[in-house]
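# okay, structure incoming, though there's no sequence with it:
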């Protein structure tokens, strides 16, 4: 047997990645903060609670319908802060650029970062730039690390109760299909634009409307299926979702049929899954519908006592199947 | 004339990089925090002042005498916090890994990160991992972003006065020569180990010993020459340094003679330049000498009224020359 190697699937957001995080990174570097495995680390600074998060973006191509690597780097980090109940405040940018990149491309990306950070209300306060020889990276990679102030405490898987509703703010898989179609030069009858967007304002409205939000997560790598599996991973509850209530746009559906993808595993970059007490679910959906980023909001399922640690899909055809965490690589370099 | 392109020298820490930062990044994204251009951004969180910094590491090779990309990523970010008068608290890691990397290499790097963060007293609280296809990056790149709490306020170029002493804690250029010799397979009669080290404990001792420290900087990319130029860039003062007082180890001197490098432009990763009131200089040097990382501490020059915005070197031969900021690329992928 050969030496163990890092595979593309180690970066896919699925099982192999979770396994590597648990058995290497958390085992060696873990502490009481990182072991919570939230989208952001929550740390104490004086009398404040701060959310701190990092993400590197390697999306290919760097420009795609609905966004680019610059806006994606801002939105992604803003959303990781927002779903933890934090107000995004400050962001850092670490760029790794391939020698020979057109200056105009860097200017376009910078303009996009400017617009996205303005829209998100986050300030770029520090940065770093490295240039590597041609062939040592692919055009440009951007790391963004963000700091936010927690204004809503107690979002945690510990708060989940059987009967809680699961809400999403819009169609799934649009980011992944937009990147893929641009990368592969595939056209669908209905064009798909990335859903990449900053969710902080929408989330503030949600948290104002209900004091009974248990948890929020943005279903990026690994998609809705993987994120829901993560939510019930500790084994106290299961998830039941209804296929016919999950919004999938025509272009996404068409692309999935053509290419053999399951939309439930496709990355979103402007979607949030909200677990909220049943009695507040309709109120939350109504509040969301008034926001441009929540217009398609709907309840897609609920937390159940049965099928612990599993996600069950009630199919449109009346069947039922278990939806596992992503195993293997569906689409590399989607973010 | 062709389109303007990003060059390796844009990432060298010298003139071209400063120009790009000023004319693109700060112009488009700048604010009252980022425009200070310190090693860390200083931000207010509640009643505390926090330092926040980011750096991406692309060093080639990833293992070199005296360190590796993992320890370098911890030390570099710890030092950027420490020179701002902050106690390093929390760090994030964003890894970009090339498909096919040996798992054993990732394990060695993780072990090195563990040891370095323990030694530095900083906690790894959050992380991210992306994997790109073979050929789309070179083995592994690591971004580290750090948060520290300011315990010493007022370090700023604004505080500099004519007559202030400039101190360094040890020999220059050892990091650059160690990486270069490993990369190119060159051996010198006297082996050179990287000086990469966490300076936070040493710096705390310095700031305890003197309330008259004006400013500190770690001379990484661009070396001592570029860092001193940055310090007097605003044009109120000049710098005078004495060649014979600047510690350069035999192996570094030999490598520079052989390869035509000037040690003043070589990156250090465990060195700090301290600008302190003349009357406290000896006291600070004595305190430093008691610490393993300051054993070779010495005064190498002073702030002067003349030669505003310039760095003057009094050569060993009795001459005098202006030492400019690095222009062009001396050594790519040194950190």
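That came through, no problem. Values in this document were obtained by computation on a predicted structure and should not be read as measured data.
# rest of the way, CA atoms for contacts and neighbours
OK.
# can you tell me the SS state at the closest residue in space to residue A:10 that isn't next to it in sequence?
Nearest residue to residue A:10, sequence neighbours excluded (CA to CA, 6 or more residues apart in numbering or on different chains): residue A:17, at 4.5 Å. Here residue A:17 takes the helix state, with states given by DSSP: H, G, I helix; E, B strand; the rest coil.
# what sits against residue A:17?
By CA atoms under 8 Å, 6 or more residues apart in numbering or on different chains, residue A:17 lies in contact with A:9-11.
# how close does it get to residue B:93?
The spacing between residue A:17 and residue B:93, counted by CA to CA, to the nearest Å, is 15 Å.
# still on that earlier bit, can you flag the buried ones in the contacts of residue A:17?
A:9-11 (16 or more other CA atoms under 10 Å in any protein chain shown).
# pretty sure residue A:84 contacts residue A:155?
Yes: between residue A:84 and residue A:155 there is a contact at 6.6 Å, judged by CA atoms under 8 Å.
# those two - which one has more neighbours?
Using other CA atoms under 10 Å in any protein chain shown, the more surrounded residue of residue A:84 and residue A:155 is residue A:84, with 29 against 18.
# element containing the more buried one?
For residue A:84, there is no enclosing helix or strand under DSSP states H and E.
# for chain A, give me the ranges with low pLDDT.
Residue ranges of chain A with pLDDT under 70: A:1, A:330.
# okay, domains of it per the record?
Domain ranges of chain A: A:38-150, A:157-322, per automatic domain parsing.
# out of the ones you listed, which is closest to residue B:266?
domain A:38-150 (16.2 Å; CA to CA).
# ends of that closest one, what's the gap?
By CA to CA, one end of domain A:38-150 lies 13 Å from the other end.
# repeat that for stretch A:21-31.
13 Å.
# coming back round to it: need the contacts of residue A:17 in JSON lines (columns: secondary structure).
What follows is the contacts of residue A:17, written out as JSON lines (three-state DSSP):
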{"residue": "A:9", "secondary structure": "helix"}
{"residue": "A:10", "secondary structure": "helix"}
{"residue": "A:11", "secondary structure": "helix"}
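# list the buried residues for stretch A:104-121?
A:105-106, A:109-117, A:120-121.
# which outside residues touch it?
Against stretch A:104-121 from outside (CA under 8 Å, 6+ apart): A:68-71, A:73-75, A:78, A:88-89, A:123-124, A:198, A:200-201, B:4, B:24-25, B:28-29.
# can you give me the helices for the stretch 1-150 of chain A?
A:15-20, A:26-29, A:69-82, A:103-120 (DSSP state H, counting those that start in this stretch).
# quick one: the last one to helix A:69-82, angle?
With axes from the mean of the first three to the mean of the last three CA atoms, to 10 degrees as the basis, helix A:103-120 and helix A:69-82 are set at 30 degrees to each other.
# number of nearby residues for residue A:24?
Residue A:24 has 16 nearby residues by other CA under 10 Å.
# same thing with residue A:308?
Neighbours of residue A:308 using other CA under 10 Å come to 16.
# list the contacts for it?
A:232, A:235-239 are the contacts of residue A:308 under CA under 8 Å, 6+ apart.
# before we move on, what about residue A:92?
Residue A:92 neighbours (CA under 8 Å, 6+ apart): A:124-127, A:143-146, B:53-54, B:145.
# equivalent analysis for residue A:237, please.
Contacts for residue A:237 (CA under 8 Å, 6+ apart) come out as A:161-162, A:303-310.
# skipping its backbone neighbours, what lies nearest whatever residue of the stretch 51-200 of chain A ends up closest to chain B in space?
Nearest residue of the stretch 51-200 of chain A to chain B: residue A:137, at 4.1 Å (CA to the nearest CA). Distances taken as CA to CA, 6+ apart put residue B:137 closest to residue A:137, at 4.1 Å, once the chain neighbours are dropped.
# what's the answer for residue A:163, then?
Using CA to CA, 6+ apart, the nearest residue to residue A:163 is residue A:303, at 5.3 Å.
# related to what we said a few turns ago, as CSV, the domains of chain A with distance to residue B:317 would be great.
Formatted as CSV, the domains of chain A follow (distance: least, CA to CA, whole Å):
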stretch, distance to residue B:317
domain A:38-150, 37
domain A:157-322, 61
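# out of these, the one nearest residue B:320 is which?
domain A:38-150 (33.3 Å).
# which single residue of the stretch 151-300 of chain A ends up nearest chain B?
For the stretch 151-300 of chain A, CA to the nearest CA, closest residue to chain B: residue A:221, 10.3 Å.
# quick one: secondary structure of the most centrally placed residue in chain A?
Nearest to the mean C-alpha position of chain A, by CA atoms, centre = their mean, lies residue A:220 at 2.8 Å. With three-state DSSP as the basis, residue A:220 sits in coil.
# that one contacts residue A:272, doesn't it?
No: taking contacts as CA under 8 Å, residue A:220 lies outside contact range of residue A:272: 9.2 Å.
# mind listing what residue A:246 touches?
Applying CA under 8 Å, 6+ apart, the residues contacting residue A:246 are A:171-172, A:298, A:300.
# closest to residue A:46 out of the buried ones among the contacts of residue A:17?
Nearest member of these to residue A:46, counting by CA to CA, is residue A:11, at 35.2 Å.
# ok, that closest one touching residue B:131?
Yes: shown here, residue A:11 and residue B:131 form a contact pair, counting by CA under 8 Å, at 4.8 Å.
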